[in-house]
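Asker: The following comprises the amino acid sequence and a computationally predicted model.
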Amino acid sequence: MIYRIPFVKSAPRVAVVQLSGVIAAGRRGGGLNDAAIASQLERAFAKGKPDAVALVINSPGGSPVQTALIAARVRRLSEEKKIPVHAFVEDVAASGGYWLATAADHIWIDESSVVGSIGVISSSFGFQDLIARYGVERRVHTAGGSKSFLDPFKPEKSEDVARLKALQEPIHAAFIAQVKSRRGARLAEGDLFTGEVWVGKQAVDLGLVDGIAHLVPKMKALFGDKVEFTRYGPKRGLLRRFGVQILSDTLAEFEDRALWARYGL
């Protein structure tokens, strides 16, 4: 049992939460979502009232809704507990990964970290020529003119593309609003919302992040050499520990690799 001496101030403490992987609903392999990380975030802000919470982020993005849910949870807890939040980017915080970073009061990156990609993307394949070559006939019957929207086995329609862009625009607008509300006057002049990414000091100069810094040295600089760290992260479920989800995780890995590959990772 640990006994605390009355009137002696304890060492400063920083709660560290790891936010890594592709952001996606459900507990798929390596996935990051609100349900998976909620309890860790709640404990990080509540247990022992830390002096700060540090988010260690390494994500190429993913689901806009899950991203918004996690970021909103971080802001709510920060404001309720009156605890500042610092984000530390590892390899990448792009698209939804950068949205998560903006939930922090300050964002710190490595000189080689990739950040940005403030945009919305949708990608697919077109197989209409392939199935025609092998004599495969596509049969689709719908009730509702839009139910066969962007069918990959039919030629792309201009009206479908227009409809997709109409769906993407509100998501992009919400992303822009999040960045502007959180970064405010720190943002440089110019269009930062084209989906472009930046590395290290480029992102600092544009005001997307606050500086080049790593977790331990920065927290020591802010809270002193005696600062203590308590780390939180998602726990693996029983089925995952025994390899029951190997097949589904392998399939998800192909999708995840495509997102990481955009940033050379």
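Answerer: Looks like it came in fine.

Asker: Give me the sheet partners of the longest strand anywhere in the chain and which way each runs.
Answerer: Of all the segments of type strand in the chain, defined by DSSP state E, the longest one is strand 85-94. Strands flanking strand 85-94 in the sheet, each with its direction: strand 52-59 (parallel), strand 106-109 (parallel), strand 114-116 (parallel) (DSSP bridges).

Asker: Mean confidence (pLDDT) on it, please.
Answerer: Per-residue pLDDT over strand 85-94 has a mean of 96.

Asker: Let me see the contact set for residue 109.
Answerer: 88, 89, 93, 115, 200, 203, 204, 209, 211, 212, 213 (C-beta atoms under 8 Å, 6 or more residues apart in numbering). (Glycine included, C-beta is placed from N, CA and C.)

Asker: ignore the last one, residue 66
Answerer: Residues in contact with residue 66, defined by C-beta under 8 Å, 6+ apart, are 23, 24, 25, 32, 33, 34, 96.

Asker: any idea how far residue 52 is from the first one?
Answerer: Residue 23 sits at a distance of 23 Å from residue 52 (criterion: C-beta to C-beta, to the nearest Å).

Asker: cool, the third one as well?
Answerer: According to C-beta to C-beta, residue 25 stands 29 Å off from residue 52.

Asker: Among these two, which residue is more densely surrounded?
Answerer: For residue 25 against residue 52, the residue with the higher neighbour count under other C-beta atoms under 10 Å is residue 52, and the figures read 21 against 15.

Asker: Give me the pLDDT value at that one.
Answerer: The score at residue 52 is 97. That number is its pLDDT.

Asker: rewinding a little: would you mind checking the contacts of residue 109 for buried ones?
Answerer: Buried residues within the contacts of residue 109, defined by neighbour count using 16 or more other C-beta atoms under 10 Å: 88, 89, 93, 115, 200, 203, 204, 209, 212, 213.

Asker: Tell me the bridge partners for the first one.
Answerer: Read it as residue 88. As for beta bridges, residue 88 partners with residue 56, residue 108 under DSSP bridges.

Asker: contacting residues for it?
Answerer: Applying C-beta under 8 Å, 6+ apart to residue 88 gives the contacts 54, 55, 56, 57, 108, 109, 213, 214, 215, 218.

Asker: I'd like to know how far the fifth one sits from residue 39.
Answerer: The reference is to residue 108. If you measure residue 108 against residue 39 using C-beta to C-beta, the figure is 25 Å.

Asker: Ok, residue 188 next?
Answerer: Residue 188 sits 38 Å away from residue 39, going by C-beta to C-beta.

Asker: which residues are in contact with the helix or strand hosting residue 219?
Answerer: In the assignment (DSSP states H and E), residue 219 maps to helix 215-223. Residues lying outside helix 215-223 but in contact with it, judged by C-beta under 8 Å, 6+ apart, are 12, 14, 16, 51, 52, 54, 56, 86, 88, 108, 227, 229.

Asker: if we go to 6 Å?
Answerer: Residues outside helix 215-223 that contact it (C-beta atoms under 6 Å, 6 or more residues apart in numbering) are 12, 14, 51, 54, 88, 108, 227.

Asker: buried stuff in that helix?
Answerer: The neighbour-count check on helix 215-223 (16+ other C-beta under 10 Å) flags 215, 218, 219, 222, 223 as buried.

Asker: a markdown table for the residues you listed, including distance to residue 79 and pLDDT?
Answerer: Conversion of the buried residues of helix 215-223 to a markdown table gives the following (distance: C-beta to C-beta, whole Å; pLDDT from 0 to 100):
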| residue | distance to residue 79 | pLDDT |
| --- | --- | --- |
| 215 | 23 | 97 |
| 218 | 22 | 97 |
| 219 | 21 | 97 |
| 222 | 20 | 97 |
| 223 | 21 | 96 |
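
Asker: just those residues now: which is nearest residue 100?
Answerer: Within the buried residues of helix 215-223, proximity to residue 100 (C-beta to C-beta) peaks at residue 215, which comes in at 15.8 Å.
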